[in-house]
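> one predicted model, sequence on top.
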Amino acid sequence: MSLRHVLVALLLVGGLTACASDGPDASAGASSASPSGTSTAEPLPTGKSDLAVAAGTYLSPEGFSPALELQVPAGWTSVHRAADAFDLGKPDPERDAPLVAVVVMRPPQATAAEAVKAVRDAATGAVAPVVGDFLVGKPALGLDVLDGDGEVVSSADGGVALDAAAGQRLRVLAVDVGGSPLLVAVVVPDATRWDDAWPEAKGLLTGISAAA
């Protein structure tokens, strides 16, 4: 799946494109804690339909490794959820266009360092290192890719492949978790909206942790 498909569900502000659903109402309900304090978080449902994700706590889709717990703020949707990658996105509140997509994936490389190097080697646009960002509580290796074209990153099973594009800014962050690489791509189709999009993405990333 290319970046274009990742962003299809974000094209309408305040609504979702009609599509086959994974369940009766094509929405994921927020999880809660049981009276004993035990988390009742459920995995994001596997599928490729538009999904309104209510604010709350979720687990990564079944089979995703490393297993993750996600604290999702309000306003996020999803169009792709599989064992090798899943996404969360937000429409632009100021116009009928996508603001940001956050794609969480298991890369095909053996380590986070190798995954980031593969992005650098594939990028045809301007590339800059990113320092100071964290993922699942660990300092992340990172790159920014501005402009360019062609595929720059894909998931382990090829379920998601993201392309560079003119006017687009893509930030890649990667860490190793329990011996497995984890890569997150933050895609902002209109790079001029980065200052609005990045805080939204960072708020989501802060809530991602390794599942118990």
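Happy to help now that I have it. Numbering: from 1, shown residues only.

> in this protein, which spans are helices?
Under the criterion DSSP state H, the chain contains helices at 3-7, 112-122, 194-206.

> compare these and give me the one nearest V160.
helix 3-7 (7.0 Å; CB to CB). Backbone N, C-alpha and C define where each C-beta goes, glycine included.

> and that closest one, average pLDDT?
Averaging pLDDT along helix 3-7 gives 41.

> tell me the centre residue of this protein?
V103 (2.2 Å; CA atoms, centre = their mean).

> need the helices of the chain in JSON lines with distance to A140 and mean neighbour count, can you?
Putting the helices of the chain into JSON lines (distance: least, CB to CB, whole Å; neighbours: other CB atoms under 10 Å) gives the following:
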{"stretch": "helix 3-7", "distance to A140": "21", "mean neighbour count": "19"}
{"stretch": "helix 112-122", "distance to A140": "8", "mean neighbour count": "18"}
{"stretch": "helix 194-206", "distance to A140": "9", "mean neighbour count": "17"}
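
> what would those helices look like in TSV with distance to V177?
Output for the helices of the chain, formatted as TSV (distance: least, CB to CB, whole Å):
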stretch	distance to V177
helix 3-7	23
helix 112-122	9
helix 194-206	14
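
> of those, which is nearest P93?
Once these are compared by CB to CB, helix 194-206 is nearest, at 8.6 Å.

> sorry, back to before: looking at the helices of the chain, which has the lowest confidence?
helix 3-7 (a mean of 41).

> closest to P181 out of the helices of the chain?
For P181, the closest of the helices of the chain is helix 112-122, at 4.6 Å, according to CB to CB.

> for the closest one, packing partners?
Judged by 3 or more CB pairs under 8 Å, 6 or more residues apart in numbering; DSSP states H and E, helix 112-122 is in contact with strand 141-146, strand 150-154, strand 169-177, strand 180-188.

> out of those strands, which comes closest to P91?
Across those, P91 has its closest neighbour in strand 180-188 (12.6 Å, CB to CB).

> strands paired with that closest one, and their directions?
strand 98-105 (antiparallel), strand 169-177 (antiparallel) (DSSP bridges).

> any chance of these in TSV, plus mean pLDDT?
Shown next, in TSV, are these (pLDDT from 0 to 100):
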stretch	mean pLDDT
strand 98-105	97
strand 169-177	98
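
> distance check, Q109 against L182.
Going from Q109 to L182 by CB to CB, to the nearest Å gives 11 Å.

> and the two? Which one has more around it.
L182 (27 against 17; other CB atoms under 10 Å).

> D147 is in contact with P189, isn't it?
No. Using CB atoms under 8 Å, D147 is not in contact with P189; the gap is 11.8 Å.
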